[in-house]
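S.K.: Quick one: sequence plus predicted model below, questions after.
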Amino acid sequence: MRVVVIFFAALLFVSIQINISAQEYNYSKIEASLLEQHSLVYYPINWRYKSGDDINWANNEYVDSSWALTSSLIEKNDTNFSEFRGVSWFRKEFLLDSVLVNKLLSFRIFQAGASQIYIDGVLYDSLGTFSKNSGGEVRDAGRIPRPIKFNNIGPHLIAIRYSNHFYKEYFENERWAGFKFYFGKYDSVLDNFTSAFVMQSNERLFLITVPLLLALIHFSLYLFNRTNTHNLIYVLFLLCFAFYVYLANTGLFVKSFEESIFWYKLAYLSLNLTITLASFAVWSVVDKLPKASWLFVVAAILIGIYGYIDGSDLAAYLSYIFIGIVSAFTGRKLFGPTDVDFRIKKIVIIGFVIMSISGILQMLIAQDLIAAPFGFDVLYFYGVIAFLIFMSIALAREFALTTENLEIKLTEVEKLSEQTIQQEREARAKEVEQKVLQADNERKTNELEEARELQLSMLPKTVPFYEGFEIAVFNKTATEVGGDYYDFNISRQNILNIVVGDATGHGMKAGIMVANVKSLFAALGSNLLIPDFFNRCTEIIKNMGLGNLFMSLAFLRLQNRTIIASCAGMPPLILFSSKEKKVREILIKGMPLGGFRNFPYNTEQFEMEKGDLLLIMSDGLMESFNESKEMFDLARIREIVESNYSQSPQFIIDTLVNEGENWRGGQNLEDDITMMIIKRTN
């Protein structure tokens, strides 16, 4: 579905030829020079294809010369797939460049269904759940790179057992129902994958946060002057645009085609209403809203509902026509005679023209008439951001002109009664100052509360169940936005990955560091060795240019009863042995993340016997001070653990929390406190 916008403005055609990271080639040789030049090499054609299913088709010895030679996309108009009924096989032989022998490579598959990948006759990996019927099929979009290494030049057979029993739905939506297959060097592919994930997350956060912050500011201005509705209409547009961006971008982070279509259809519902409110915001500044404004709102809602239900090109064209009409009215208001100050009007025109040009370019990109300029395939979003900036400047300018006019009038009155005017001016100045301070305090409080809610939403809602173990966790921040963090991840091999961290300082910067590390843990935590994960995080943090921001992190992997642990600048782990009835400290030294590249982190491995418990914590509790400036210290924590080892993890954590509060004697926290206890129960 195309969710793009066309506005009234001068038509601008730009055709830019750009290089993309995944290039198409019509042969089946994996060449080192291509892998050096491109992070991913796409192999779309010359696949041997046959409808049906026979496990013997995975064997190297099988002769497939009678199979159709075609692409892997399974498209509606391709006659080679006329007999496709949901299950098929694809085979292709690859020759390896000699310099790539025994080198770590990666293949990456983007698919609409489910697949099993056989390499030289052996099942190598599965994406989703292959099934001969629709009931057992679980589709997976793939995307995550898979490592692979070949010990000779080949030829090597890639055989893909593929199912997509919902292919007709893909054909109805003009989508391909097959897969895309890529090869690349593992390190570069993984780097690009990680960078793209972080960039998309940050881009989404930026495009939502900016409108919400502006909405907060202008809503505050509206509250101070409710007779002027410019700011209120502008706030409604900002909220609607932020909601639209959220819906449109959510489709990028889901795993299946159905989920993606669902979110894009929801975005379609809000698209035309967003454009209508943008026009209303312009009209309210340069003139006034026409009496028939409600008709535009009704039309926007009806077209959005039709687009959600139908999803065809007709719905998109209706949207284009509607947006063109709304834009024409807006252009007439902007370029026609009005009573508004031309200095304000000029600012609005600049923002509107930028947004209009970006909308036209976005439509041309969506229709494949031009390439995306400079690689920005969501150009319209940034055009709207520019519009938001100019609208805010215009409203601020209007406020400034109002103030200037007020000063002129006050000067005229001053000639009649200097003393009275002076008193009124002083009173007015104090009132304005109080209101500005109040608005600023409210804004900062709301921003910090929103940031706190965002950070808390990144922490796990529940503690995972892991057979044979009981886990409890506690987290309390010293400020609205803390720097402590914990998370869990259970891999497909039933390995429980656990992290507990402490970012430098508090506030928004610490929150940003926590958000980045959480994203990296979700993407890479199960795929890399712990030292490699630490160094990869450090590399990405440094590349982001966050300055003197660091992240201390403890990373544990629990499988059965074995724990592998490593620390990057964290306090010692506290391990109680039920057999020895005593506590010992496990100190694993290492630099915090974001410190030194390629740091040689160490790991410790130990077994958890029945009754053993392990305490992982940040330094907040042990460095708590009482009224005499004495530290709670590590020895006191060890005593509490040793005295209560027979109790549940939650009881021990509650005891530690209560003892810490008693120690502080009512003083505020100076640092975040995070504790986690893992106890083996059988």
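M.R.: Structure's in. What do you need? Note that the structure is predicted; figures quoted are calculated from it, not measured.
S.K.: per-residue confidence at the residue lying farthest from the centre of the chain?
M.R.: Ranked by distance from the centre of the chain (Cα atoms, centre = their mean), the top residue is Leu416, with 62.1 Å. Model confidence at Leu416, given as pLDDT, is 75.
S.K.: How about the contacts made by the closest residue to Asp339 other than its chain neighbours?
M.R.: Counting by Cβ to Cβ, 6 or more residues apart in numbering, Asp339 lies nearest to Asp287, which is 7.8 Å off, once chain neighbours are set aside. The C-beta positions use only the backbone N, C-alpha and C, and glycine is treated the same way. Residues touching Asp287, when contacts are defined by Cβ atoms under 8 Å, 6 or more residues apart in numbering, comprise Lys333, Thr338, Asp339, Val340.
S.K.: do Phe110 as well
M.R.: For Phe110, the contact set (Cβ under 8 Å, 6+ apart) comprises Ala141, Gly142, Arg143, Phe179, Lys180, Tyr182.
S.K.: tell me which of those residues is nearest to Phe243?
M.R.: The closest of the contacts of Phe110 to Phe243 turns out to be Ala141 (Cβ to Cβ; 24.7 Å).
S.K.: Next, count neighbours for that closest one.
M.R.: Close neighbours of Ala141, defined as other Cβ atoms under 10 Å, add up to 19.
S.K.: That one reaches Gly113, doesn't it?
M.R.: No: here Ala141 does not reach Gly113: they are 9.6 Å apart, not a contact under Cβ atoms under 8 Å.
S.K.: any idea how far the residue nearest in space to the middle of the chain lies from Leu520?
M.R.: The chain has Ser201 as the residue nearest its centroid, 2.7 Å off, counting by Cα atoms, centre = their mean. Using Cβ to Cβ, to the nearest Å, one gets 10 Å for the distance from Ser201 to Leu520.
S.K.: quick one: the helices in the stretch 301-450 of the chain?
M.R.: Secondary structure of the stretch 301-450 of the chain by DSSP state H, counting those that start in this stretch: the helices cover 313-335, 342-366, 379-416, 418-458.
S.K.: Most tightly packed of those helices?
M.R.: Ranked by average neighbour count under the criterion mean count of other Cβ atoms under 10 Å, the helices of the stretch 301-450 of the chain are headed by helix 342-366 at a mean of 21.
S.K.: Tell me what angle it forms with helix 313-335.
M.R.: Counting by axes from the mean of the first three to the mean of the last three Cα atoms, to 10 degrees, helix 342-366 points 160 degrees away from the direction of helix 313-335.
S.K.: got the angle for helix 342-366 vs helix 379-416?
M.R.: Angle between the axes of helix 342-366 and helix 379-416 is 170 degrees (criterion: the same axes, to 10 degrees).
S.K.: Mind checking the pLDDT average for helix 342-366?
M.R.: Across helix 342-366, pLDDT averages out at 79.
S.K.: Could you list every helix and strand in contact with the helix or strand that contains Gly511?
M.R.: When secondary structure is defined using DSSP states H and E, the element that contains Gly511 is helix 507-524. Other elements packing on helix 507-524 under the criterion 3 or more Cβ pairs under 8 Å, 6 or more residues apart in numbering; DSSP states H and E are helix 186-224, helix 418-458, strand 484-490, strand 496-503, helix 530-543, strand 551-559.
S.K.: Out of these, which gets the lowest mean score?
M.R.: Out of the helices and strands packed on helix 507-524, the stretch the model trusts least by mean pLDDT is helix 418-458, with a mean of 72.
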